[in-house]
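Undergrad: heads up, no residue letters with this:
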């Protein structure tokens, strides 16, 4: 038996009592839940600090006067990083913090609730999720798995990434070795990029030693913390690949149904509040970090050339439309997402769009 | 004695018991508070619906299992529209929902916590408020009044407004009769605009009959609801005058100090959640309304010409710097706001700025 299976078996045993409790919790009962996390211990935003899963758990405790205590486990502390989906599904854990796109292997539709290349930014994604039917579709997707989900936090827009040498044309991507995960990696691969899937901790040494030529991680604050500016000096933007990134709070549906209404309201508000908290924090710390990187660390910031962005847009829609054509669930979510975007972008273009073009 | 004073005297009498209760509420006591509102009954966003003060009050009730009940009174239901500041200050009411810029007559510094022409948008303002020291300065301003404040909701960016005839140059503003309140009105006045301060309900008839030539209200959803497109067909954008608009939850400091910690946490989370809720809702309904106005109602949308925006920017900073020079409190808040903006706009320009320029 592998270590992973031993661990899982152990978990099932240890929470058997919790699973067999009556599904309705009385108003004065103390609720003790466990939340796992796809990200490791101590990572700002992802597991600790403003707007993080740990912050969320603390708020629930504070708001409920300690009546609901959610014990937070970072990746590896209770289960491995990406086993939260199965753990919550089976009911061994009540909650997991991650990103829905980690479950894109179960259904590609999960991608849309985290981020879509050339999709919606923070303003648009939250408008879609909260008031455009997005959260309902997310829950529909997870219904057969016996889970519900809601947005937990948001990084805002991300950076294209770090390059050892400047990029000037589409041809420069041929054979480039780049660390880039997920759907964006698929798009880069179509441009001839040699896509590398390195975990966070291996990015810096690989970039420094020239094992890779370029790397995407998050944004100025998180990237500086990892020291990426000490391995490459060209920092590119457009955020085409992740115009925002929504965290996912995944909850076992039976556990949720057993919560009293006041605790449900507390969990919902805490998750919504951390979404704003984390975005506000990210905007503030990214601003400080970018200024520092450019002023003090010799980083050169660049905007990806237009013809490269155009080509990536074409490839992205080829990939998305291929996925939608192959699966009715994906098509339903894809169409809902882009129908909303089409309506929203008229307003977005003349409102916030003009702010960034003419006012800022 | 005027009706207003009679009413005020009545209020003082009726809540004498509340004021004399011990300042520490026990954990199981039921807390009954009253919240007034500067906006009238039934107005979406401002007093009813997603992210409104009524929504906030409902969330607090839901989260506390009914242990904290906040009775919400729209303008005129308990006190007149703009008397919330004094009512909360005196302790006759525990909370008021409004915008801090209504109190700019007490201190012009209050302006910065609502909106600043050519200032911060939703992303920037919340970054400043929550993670750039903004809320601390807001509370410092109200300390001597015995009150605290926090953001309650947010309209997002607003529209420049409705014009009966197109605007092509700075000269077109000379003698133009326009409904535009507040600091923006001061800027327009410098351009020669005949500024009119009409309450919401009088805007439509005045614009329709030509008593005014132009009017600013909020954005597509709110403006359509008021029928402004039936009185003028040219709809201008840039949002220079209100790049976002933060609602204010004003709380009597003694009442706040008497709240148990769990209810404090609930109030804070409910206010933060409604900020995201209202912004997400506004983005969704404005998108739908703008599309409808342009597609079905014959509205022509325009961007304000660059030279006009440039001139308004000059005047705005003349006015702001004059106010800051005259008052050290204003200067402190002004400098903090624009120091933050200066740092943030480098990041904002290459991140969300590129999204609106190259990705959307």
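TA: Ah, there it is. Bear in mind the structure is a predicted one, so any value in this text is a computation, not a measurement.
Undergrad: Wait, a strand at residue A:50?
TA: No. Assessed with DSSP: H, G, I helix; E, B strand; the rest coil, residue A:50 is coil; it does not lie in a strand.
Undergrad: so what's it closest to, chain neighbours aside?
TA: In space, and not counting its chain neighbours, residue A:50 is closest to residue A:281: 4.1 Å by CB to CB, 6 or more residues apart in numbering or on different chains. To be clear about C-beta, it is placed using only N, CA and C from the backbone, and glycine gets the same treatment.
Undergrad: Return the distance of that neighbour relative to residue A:133.
TA: 28 Å (CB to CB, to the nearest Å).
Undergrad: who has more neighbours, those two?
TA: Neighbours were counted for residue A:281 and for residue A:133 using other CB atoms under 10 Å in any protein chain shown; residue A:281 has more, 27 against 16.
Undergrad: Was I right to think the residue nearest to residue A:50 contacts residue A:51?
TA: Yes. Using CB atoms under 8 Å, residue A:281 is in contact with residue A:51, at 5.6 Å.
Undergrad: who touches both of these two?
TA: Residues within reach of residue A:281 and of residue A:51 at once, by CB atoms under 8 Å, 6 or more residues apart in numbering or on different chains, are residue A:45.
Undergrad: care to break chain A down by domain?
TA: A:3-155+A:244-284, A:161-242+A:298-359 (automatic domain parsing).
Undergrad: Might you quantify the distance of the longest one from its chain's geometric centre?
TA: Averaged C-alpha coordinates place domain A:3-155+A:244-284 at 12 Å from its chain's average position (CA atoms, centre = their mean, to the nearest Å).
Undergrad: Same list (the domains of chain A) but as JSON lines, adding mean pLDDT.
TA: Below are these laid out as JSON lines (pLDDT from 0 to 100):
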{"stretch": "domain A:3-155+A:244-284", "mean pLDDT": "90"}
{"stretch": "domain A:161-242+A:298-359", "mean pLDDT": "96"}
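Undergrad: For residue B:181, which of these is the nearest?
TA: domain A:161-242+A:298-359 (19.4 Å; CB to CB).
Undergrad: Enumerate the residues of the stretch 51-200 of chain A near chain B.
TA: A:59, A:62-65, A:118, A:121-124, A:126-132, A:156-157, A:159 (CB under 8 Å from any CB of the partner chain).
Undergrad: from what I can see residue A:111 touches residue A:99, true?
TA: No. Between residue A:111 and residue A:99 there is no contact under CB under 8 Å: 9.6 Å.
Undergrad: More neighbours: which of those two?
TA: residue A:111 (25 against 22).
Undergrad: Contacts only, for the more buried one.
TA: Residue A:111 neighbours (CB under 8 Å, 6+ apart): A:100-101, A:104, A:182-183.
Undergrad: can these go into TSV with extra columns for neighbour count?
TA: Formatted as TSV, the contacts of residue A:111 follow (neighbours: other CB atoms under 10 Å in any protein chain shown):
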residue	neighbour count
A:100	25
A:101	22
A:104	18
A:182	20
A:183	22
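Undergrad: out of those, what pair is the most spread apart?
TA: A:100 and A:183 (12.3 Å).
Undergrad: so does the strand or helix carrying residue A:223 get close to chain B?
TA: Under the criterion of DSSP states H and E, residue A:223 resides in helix A:220-225. Yes. Using CB under 8 Å from any CB, helix A:220-225 reaches chain B at residue A:220.
Undergrad: buried residues in that helix?
TA: A:220-224 (16 or more other CB atoms under 10 Å in any protein chain shown).
Undergrad: Please apply the same query to stretch A:85-102.
TA: Counting neighbours by 16+ other CB under 10 Å, stretch A:85-102 gives A:85-89, A:91-102 as buried.
Undergrad: Inside helices: which ones of those residues?
TA: The helices, defined by DSSP state H, take in A:85-89 from these.
Undergrad: per-residue confidence for the residue lying closest to residue A:119 once chain neighbours are set aside?
TA: Excluding the flanking residues, the one nearest residue A:119 by CB to CB, 6+ apart is residue A:243, at 6.0 Å. Note for residue A:243: predicted pLDDT of 98.
Undergrad: Look up phi and psi at residue A:351.
TA: Note on residue A:351: its backbone torsions stand at phi -100, psi -90 [degrees, to the nearest 10].
Undergrad: SS state for the residue lying closest to it once chain neighbours are set aside?
TA: Closest residue to residue A:351 apart from its sequence neighbours, by CB to CB, 6+ apart: residue B:157 at 4.6 Å. What three-state DSSP gives for residue B:157 is coil.
Undergrad: What of the one 5 residues further on?
TA: For residue B:162, the secondary structure call by three-state DSSP comes out as strand.
Undergrad: The stretch 201-350 of chain A: helices as residue ranges?
TA: For the stretch 201-350 of chain A, the helices defined by DSSP state H, counting those that start in this stretch occupy A:220-225, A:253-257, A:261-296, A:306-326, A:328-350.
Undergrad: could those go into TSV alongside distance to residue B:164?
TA: Formatted as TSV, those follow (distance: least, CB to CB, whole Å):
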stretch	distance to residue B:164
helix A:220-225	47
helix A:253-257	54
helix A:261-296	39
helix A:306-326	39
helix A:328-350	20
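Undergrad: Looking at those helices, spot the one closest to residue A:190.
TA: Closest among the helices of the stretch 201-350 of chain A, using CB to CB: helix A:306-326, at 4.6 Å.
Undergrad: hmm, back to that, between the ones in helices among the buried residues of stretch A:85-102, which is nearest chain B?
TA: residue A:88 (23.2 Å; CB to the nearest CB).
Undergrad: my guess is that closest one meets residue A:98, correct?
TA: No. Using CB under 8 Å, residue A:88 is not in contact with residue A:98, being 9.7 Å away.
Undergrad: any idea how far residue A:344 lies from chain B?
TA: Distance from residue A:344 to chain B, counting by CB to the nearest CB, to the nearest Å: 4 Å.
Undergrad: and what of residue A:336?
TA: 13 Å.
Undergrad: Let me see the contact set for that residue.
TA: A:132-134, A:137.
Undergrad: could the residues you listed go into JSON lines alongside secondary structure?
TA: Output for the contacts of residue A:336, formatted as JSON lines (three-state DSSP):
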{"residue": "A:132", "secondary structure": "coil"}
{"residue": "A:133", "secondary structure": "coil"}
{"residue": "A:134", "secondary structure": "helix"}
{"residue": "A:137", "secondary structure": "helix"}
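Undergrad: which of these tops the neighbour count?
TA: Most surrounded of these: other CB under 10 Å gives residue A:132, at 26 neighbours.
Undergrad: okay but that residue is in contact with residue B:284, surely?
TA: Yes. If you go by CB under 8 Å, residue A:132 and residue B:284 touch, sitting 5.3 Å apart.
Undergrad: what do those two both touch?
TA: Joint contacts of residue A:132 and residue B:284 (CB under 8 Å, 6+ apart) are residue A:344.
Undergrad: before we move on, back to that, and the helices of the stretch 201-350 of chain A: which comes nearest residue B:295?
TA: Of the helices of the stretch 201-350 of chain A, nearest to residue B:295 by CB to CB is helix A:328-350, at 9.5 Å.
Undergrad: what about that closest one, distance to the chain center?
TA: Using CA atoms, centre = their mean, the offset of helix A:328-350 from its chain centre is 19 Å.
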